[in-house]
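Q: I would like the atomic coordinates for the input below:
(2 chains)
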Number of protein chains: 2
Amino acid sequence: MRSESCESSQWCLTETALDPRKKGGNESLFSVANGHLGIRGALDEDGYIHTPGTYINGFYELYPYQYGEAAYGFPEYGQAMLNVPDGREIILKADGEQFNPAESVLLSHKRVLNFKEGTLRRIFTWRTADGITLTVESLRMVSFVRPHLAAVQYRVHADKPVKVELISTLKGAVSNKVQGKDPRTGTKLPKHALVMQEVTTCDASSALMHHCTKLSQKDLYTGIMHDQEGLNLLGCSYTQEKELRTSFEAQLEGGSACVLRKYLSYWDGTAGDELFHKCMEELYQAKQTGMDALLLEQYGYLEEFWKYGDIRIEGDEDIQRSVRFNLFHLLQAVGKDGLTSAGTKGLTGEGYEGHYFWDTEIYIFPYFLYTAPRIARQLLRWRVNMLPKAKRWAQILSLKGALYPWRTINGEEASAYFPAGTAQYHINADIAYAVEKYLRLQDDQEFLPGAAEMLVETCRLWMSLGHWNARKEGAFCIPTVTGPDEYTALADNNAYTNLMASHNLACCVQLLAYLRKQHPEYYKNLQDTLGCTETEISSWEQASRQIYVPCHHGFGLICQDDAFLDKPVWDFIGRPNRPLLLHYHPLEIYRYQVLKQPDVVLAHYLLPHRYSQAQKRRDYLYYDPLTTGDSSLSHCVQGIMALEIGDTSKGWNDFIHTLNIDLKDLHHNVKDGVHTAAMGGVWHYLVHGFAGMRDDGDLLSFRPRVPQALGQLTFHLCIRGNALKVSLNARGACYTLETGDGLAFFHEHTQVMLRPGEVREFSLVPKLEAVIFDLDGVITDSAEYHYQAWKRLCDELDIPFDREFNHNLRGVGRMESLELIISRTGKEFPLSSKEQYAEKKNRYYQEMIQQITPEDLLPGIRELLDALKSRGIKTALASASRNSTAIIELLRISDQFDVITDPSARVKGKPDPEQFLQAAELLCLPPRNCAGVEDAQAGIDAILAAGMFVVGIGDYLTGAHWLCSDTAQLSWEELERQFYRGV
Amino acid sequence: MRSESCESSQWCLTETALDPRKKGGNESLFSVANGHLGIRGALDEDGYIHTPGTYINGFYELYPYQYGEAAYGFPEYGQAMLNVPDGREIILKADGEQFNPAESVLLSHKRVLNFKEGTLRRIFTWRTADGITLTVESLRMVSFVRPHLAAVQYRVHADKPVKVELISTLKGAVSNKVQGKDPRTGTKLPKHALVMQEVTTCDASSALMHHCTKLSQKDLYTGIMHDQEGLNLLGCSYTQEKELRTSFEAQLEGGSACVLRKYLSYWDGTAGDELFHKCMEELYQAKQTGMDALLLEQYGYLEEFWKYGDIRIEGDEDIQRSVRFNLFHLLQAVGKDGLTSAGTKGLTGEGYEGHYFWDTEIYIFPYFLYTAPRIARQLLRWRVNMLPKAKRWAQILSLKGALYPWRTINGEEASAYFPAGTAQYHINADIAYAVEKYLRLQDDQEFLPGAAEMLVETCRLWMSLGHWNARKEGAFCIPTVTGPDEYTALADNNAYTNLMASHNLACCVQLLAYLRKQHPEYYKNLQDTLGCTETEISSWEQASRQIYVPCHHGFGLICQDDAFLDKPVWDFIGRPNRPLLLHYHPLEIYRYQVLKQPDVVLAHYLLPHRYSQAQKRRDYLYYDPLTTGDSSLSHCVQGIMALEIGDTSKGWNDFIHTLNIDLKDLHHNVKDGVHTAAMGGVWHYLVHGFAGMRDDGDLLSFRPRVPQALGQLTFHLCIRGNALKVSLNARGACYTLETGDGLAFFHEHTQVMLRPGEVREFSLVPKLEAVIFDLDGVITDSAEYHYQAWKRLCDELDIPFDREFNHNLRGVGRMESLELIISRTGKEFPLSSKEQYAEKKNRYYQEMIQQITPEDLLPGIRELLDALKSRGIKTALASASRNSTAIIELLRISDQFDVITDPSARVKGKPDPEQFLQAAELLCLPPRNCAGVEDAQAGIDAILAAGMFVVGIGDYLTGAHWLCSDTAQLSWEELERQFYRGV
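A: The predicted model follows:
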């Protein structure tokens, strides 16, 4: 019943026909798991199976790595999460005919993964060769409440009398998938790495298998127990193929049914005997509890989880279902015992051998941090537990502190290709990033000791990796690293790594400062234990502050690394094969500007307040087209940043892509398991992308930008015991503090303080609150003086210059103008002369503008400024000119502007929107509530890019929302009318 | 008899006692080989064996490479030169007691590798348990005349009646050494990769084994045939251990002897039947020829070879022997059939799996180029034959043209670690470098087609690897390569690679221009075949010219690559373990300034005329201390460059090291085979180092610098049919053209043209031919004006300045002086202000010096200049000042100087010797024949570093050869007396 009701809502993933092309992929999608134990969604009966798999998080075997040419410190062993005994199967026979999903006559088929119930249900109708119709309902679950337990229920109904035979198997001989050409999937483990030790039959319907591994020296007990209705137990046998077969039989009347239930229990560890008893105990208790009660437990767990874990989308049913599918799989993937983490494929497949990467901390952890902090805590505890191994690994690599492995199950490095493995030191800063967020947002005093040690030891790592570089003015540099973008390796000063390392260092210094002040005893103790001196701590502070971030001043870009912009750009058209790593040698890929993941853009995303909006925009626009999309981790970041800079169309497309990476198998490998990082990306997208939530400041902040197509977006955030409900659509935002003791945050520029039960609503509809003016040609015609000054300079230098060419200089900065003028001559000038010329031109200009008086205000401007003032509309001046202050003083309108932007603080001139974005920030207004007035095309483009309402003065301008031929037409009334016309 | 006479001379390596610590190493040193077939020097009898080995050059098996994480384009197979059937052994029994070298009573032992005879001889005396004394003389040779043939002779003499039994074995079950921790040695080939197919017994004393390989699909026939004196053949058996045992017996009288000879023939290939017959035929012919005649042949071959191949050292017998040992092993190592090259270990061991590297072209080839051009040609032919595979490899890596593998046997890439393998693209330029030298020095028209194709295809490779980089002013840049220094990987613009690529491109353009002009038909044909257009060729010319070479202007250094000088320097004291690669992870090594091989220094060595002597000196002084000496390839280059910059002591020490790398096992791994590249380095050292021969110009040139310790150094060079004998010692050089049609070359600055039979001698004893003057404080006291000008500037800027501090500025350039002055203030000044200040100071100075008149010449200077002129002694002015010309005009002595150095052409001021070296070059004189006069310590140091006679003016100066307190003492007579005092 429950299953039916949910299906009509958006709580289920449903399949209504078997499609052989999707066989492997659907086994991944329909997996059931609880973070400890997982079973792929292979059908109950054999015959239509791609890769059956049952996995235990963190249960692995080692195998020796081979290297063509080994070197000191290369990891000696690979690690692979093992495929464990398969108890999924039930063989169904009717009057001796065996059902085969691929060959038998299927009258109907439905498979449903239910996110609310936590089950995989299946119902199908089989017409036997004898014309008997059997309806089978199966149910499979892995209990969230009992981490070691899985259960299967198989109900057979017949329309005519028939002898039904059911054989339940437990397959003890299992192996992992063997690696082929694609290094991302399969393993080099030998076959049957999980070695059968013993089979113990307890009674005819329950038994226990004992397996062990050779190198990792682990034990596994797998128990099975049955329970039946209307069936006779025939007996149990153990075959040569190491399969336990328990047979049942029923002589069904027409219209009657029988039911078989099997309980499976998996206990891994190292202490043999105890595991045996735990395993049996689990089975007895499960059988006693019974299937219905187990289902109720499961439902209860999920009800509790979804309370804050759910995200409601009231605009598109498909999207709603897809979002929940992604979130549900995240819950299924994460380890919750503090001894395991989340594999990149969760427990749904063998891709990447079940390893944990940085995906956990950066992509998956935040969802739990805000919706189920106790799970987030366990993910971090796992890293604390692995700290001794990380310290040992640092030592082996002649480094100080702790070096977390790039990929691992047991805490030791399992990356056999260090340029895209161990060299990704950034994972240490990524872990520290998660730790800092957890401490700040959940205020968990008990976690402090572990957190402090992790932060201290990662700081030490950075200090031994980096150095103060005299050639970069003493900045702290980190050579020879690989950033998240694996299509560039062993680079110097990777911007992402340096920025995150700086953050890592700063967080640790802050935490220690806090402890010193708030918990001096504890701080003293910590200093003794970890042996860190004030000198050491102050060196961290210094390194954090003096971190080197490579920049290209001409382009106004942050460089991905020292050398990146020096390389040629990849030929995206001539070389279309994807992913690159399967078609080009690393040497070829490394030689070009081409990205697997957008390093710099990701840094901006994670550290949103470090750089200006304009900087983020420029970097995004440069790096986004260089990004191949080969990584499932990149779309969400690219799309969220597209939203941030106002590219809503790209933002939407990347969202749909992220949402469907697994559901539509966009990376053609969902058969190897789902992409848990991208699933985390769905949450990021909704909360950080559409709701524009940022959490790097003292308070959370929201800059919502929910597209119409999404309808209403509602989610919860749990912060220090508060539960904040956020509900948004394109036209408004509503914040409700459901529980807690009060929470402060920002909605756009407004600080909000909510008491428990309090609700606050905000409109997101554009409202004209400010006008931002250009100076030259808008306020006054200083453009003429510029022309005269350039003309005088050019005449002196014997360079042709006329009014026509002067048009090109409108809105363009001084040095850039000079470059344009010079470029016509074809001559080269040394920088020092150019600086002299620019200065000279400015001197001429400054002389000329002394003639300016209030009479020089252009027509209509004084009236407009007065009208704005009287209506409380703010005004700002955004001019490219360094002489603005002088001019507006001569015009006697200095007191008319609330804000004048500082040209010296700007990196790029128009058409970059930097000045306008700066003006809006200084006005504390969202750009949508600002209008900009410009007379030059570069200025119009800048205002547009800033996301403001654009007023153009003059003819031949394109892109303006309202175009006036001169300033006399600029009345307040018309401006207001034009602004609200499109709202 | 011959063996005795040679031993007293320096033609033999002799061992007189068995030293178990040297067991493995001596097996390598005492190897006999002919470039095709080689046998390690293991003793004839078992019992004292380390690693017996018999190898055929280029005979290899493949084995699949395993990668922890593979990627596109990683080589799939390893290659290993196979250990082939071992026919070395003879078992000796006397009255049933078996001789065991390790355990039996050895009364004497001597083992002699004879370079003139081409044999390994051994004589030992064994006292049996019964008190019988047996004297055994064994002889082993691998024929240079018959590449497939080896022969062993074993003569047993007894002092008393005894029954002697000899068993000759041929061991068919052989394997290679298995790889352990050190990746440089051993293989991952499975055991018995060489599979026994069949044994054919022809008669009781001759038989044939047929082996084959599975993956490389090669066949090998190994034949054995015996011949005896005073022995009875008992029979032949084939054991379970796949061993052929042929037994002989003799009942010796006291004082009599018996002799056993075994002939071994190895024929590899793919056509089974023919090989069988070739193999048998070889044996029959050898037996018919007989051992004495084979020895005569061998002697004849070597006599011919040594005629030009020998280098005589008449000053130290040990050195003489060691030099010949190294040269002899080179001859033993190189393939001479055009189908094989020279493995890094020759045929003496299994290190590096018998692979060929760039060692051949850069280190080994030059010896043969100048002494046995027909062998040099075969080495290059091998590369021509491998061109199709190199083109295919380029294609796989998405590159154009040809990409030669970093390490290989069969022409395919066998490097399984691309950062220190395939990324070493420089090997292509290294090959081109050898090709160009061969063409220029041997003028072999027949080789032109192959050479042209190789050059064209390597040019194409560079064009697809590099790009014109707008960020480096449009220079041609090559990103992501590894240079010869493997302690830095995947760097951008590795200076060595870029310079060698530029050379590669230029050589090809020149060759094509030559062909277009001299052989238009052929050129046309070539263009058609290779499809190269004029546009393409002109792009090569442009890329060659516009190649980017990273420089550090402040240090006046060429940077090893874009990022190298940005890294911190390795802690050489705190981290003393060597070689680094066995103790530190590559990531750790790559992060520092630390070198395995001196990249930039090697480029200077190979392209000696590309940069000034001063530049080479600076680079050498910077990079040499950063070089670990972990590579056997680096000492010779470092030492030769030490000689070039005048560091004779380091030059000598590195020579002794290079000479003894194998003889004294300085790298602790001679057991794995000799270091052929370092052996080539011995020749380089003598010819390029001590004789200072350079061959990159149109004509050869010599700048001899033979140390006293070496005595007389004599060698031959064969150039285009001319044989030039060069005979040198510390005091003179003698050149004789023994045969040919005339040869032009340079001795120092003198062009020499020798007719056949002609002899020219030159003295190398210093002779005063020029005096080089500093200006300020030597010619005139403009130093006072400098002081006044600085003082005025400093007063204006309110910076303290006095006469005392002014002393520090003597001989120091203007900007450097300003920096010194500023550095005292602790303030920072922008570059533009500093340039302004420097200009201002110069303006003041220029105003002041207008007061100068001829009266201002310092005392004694006019007289000295007149005296020098009258005696034909040249004069030069080497001043740091840009105002020199103005001053000497005001002094009216402009016409007194033959040469005035150009301060704008200099990179570094004094104490760098650049100006003085420049003056000597412009005077066309060797520095030893120049005296320099200076009044400042920086100047004194510069003259000293230039290798000139130093005259100091003033007190408190150190390092001058002659110190005057003022210029009045500078008389010609005293100068002459002082100069010759030390000669």
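
Q: What part of chain A, helix or strand, is modelled with the least confidence?
A: Least confident helix or strand of chain A, by mean pLDDT, DSSP states H and E, is helix A:2-8 with a mean of 47.

Q: next SSE after that one?
A: strand A:12-15 (DSSP states H and E).

Q: Now name the helix or strand holding A:Tyr623.
A: helix A:613-623.

Q: Now that helix: average pLDDT?
A: Throughout helix A:613-623, pLDDT has a mean value of 97.

Q: How far away from the center of its chain is it?
A: 19 Å (C-alpha atoms, centre = their mean, to the nearest Å).

Q: which other helices and strands contact whatever helix or strand comes next after it?
A: Downstream of helix A:613-623, the first helix or strand assigned by DSSP H and E is helix A:634-644. If contacts are counted by 3 or more C-beta pairs under 8 Å, 6 or more residues apart in numbering or on different chains; DSSP states H and E, helix A:634-644 sits against helix A:599-606, helix A:613-623, helix A:648-660, helix A:676-684. Where C-beta positions appear, they are placed from N, C-alpha and C, glycine not excepted.

Q: any idea of the angle the second one forms with helix A:599-606?
A: Think helix A:613-623. 150 degrees (axes from the mean of the first three to the mean of the last three C-alpha atoms, to 10 degrees).

Q: Next up, the contacts around A:Phe746.
A: Applying C-beta atoms under 8 Å, 6 or more residues apart in numbering or on different chains, we find A:Phe746 in contact with A:Gly697, A:Leu699, A:Leu700, A:Ser701, A:Phe702, A:Val752.

Q: so it sits in a strand?
A: Yes. Checked against DSSP: H, G, I helix; E, B strand; the rest coil, A:Phe746 lies within a strand.

Q: Just the ones of the contacts of A:Phe746 in strands?
A: A:Leu700, A:Ser701, A:Phe702, A:Val752 (DSSP state E).

Q: which one of the residues you listed is nearest chain B?
A: A:Ser701 (37.5 Å; C-beta to the nearest C-beta).

Q: Need the pLDDT of the closest residue to chain B within the stretch 851-983 of chain A.
A: Across the stretch 851-983 of chain A, no residue is closer to chain B than A:Ser904, which sits at 15.6 Å (C-beta to the nearest C-beta). With respect to pLDDT, A:Ser904 has a value of 79.

Q: gap between the closest residue to A:Arg321 other than its chain neighbours and A:Phe325?
A: Closest residue to A:Arg321 apart from its sequence neighbours, by C-beta to C-beta, 6 or more residues apart in numbering or on different chains: A:Gln10 at 4.0 Å. Separation of A:Gln10 from A:Phe325 (C-beta to C-beta, to the nearest Å): 9 Å.

Q: Please enumerate residues in contact with stretch A:63-77?
A: A:62, A:78, A:80, A:187-190, A:193, A:215, A:396-397, A:412-416, A:418, B:65-68, B:74-75, B:78, B:183, B:188, B:415-417, B:420-421, B:581-588.

Q: Could you pull up the mean pLDDT of that stretch?
A: 92.

Q: Next: stretch A:512-521.
A: For stretch A:512-521, mean pLDDT rounds to 94.

Q: residues making contact with that stretch?
A: Here stretch A:512-521 has contacts from A:Leu448, A:Ala452, A:Val456, A:Tyr522, A:Tyr523, A:Leu526, A:Cys532, A:Ile537, using C-beta under 8 Å, 6+ apart.

Q: Narrow these to just the buried residues.
A: A:Leu448, A:Ala452, A:Val456, A:Tyr523, A:Leu526, A:Cys532, A:Ile537 (16 or more other C-beta atoms under 10 Å in any protein chain shown).

Q: so the last one sits in a strand?
A: Meaning A:Ile537. No. According to three-state DSSP, A:Ile537 belongs to no strand; its state is helix.

Q: That one: what's it in contact with?
A: A:Val509, A:Leu512.

Q: Those residues of the stretch 551-700 of chain A touching chain B, which are they?
A: Residues of the stretch 551-700 of chain A lying close to chain B (C-beta under 8 Å from any C-beta of the partner chain) are A:562-563, A:565-568, A:575, A:581-588, A:590-591.
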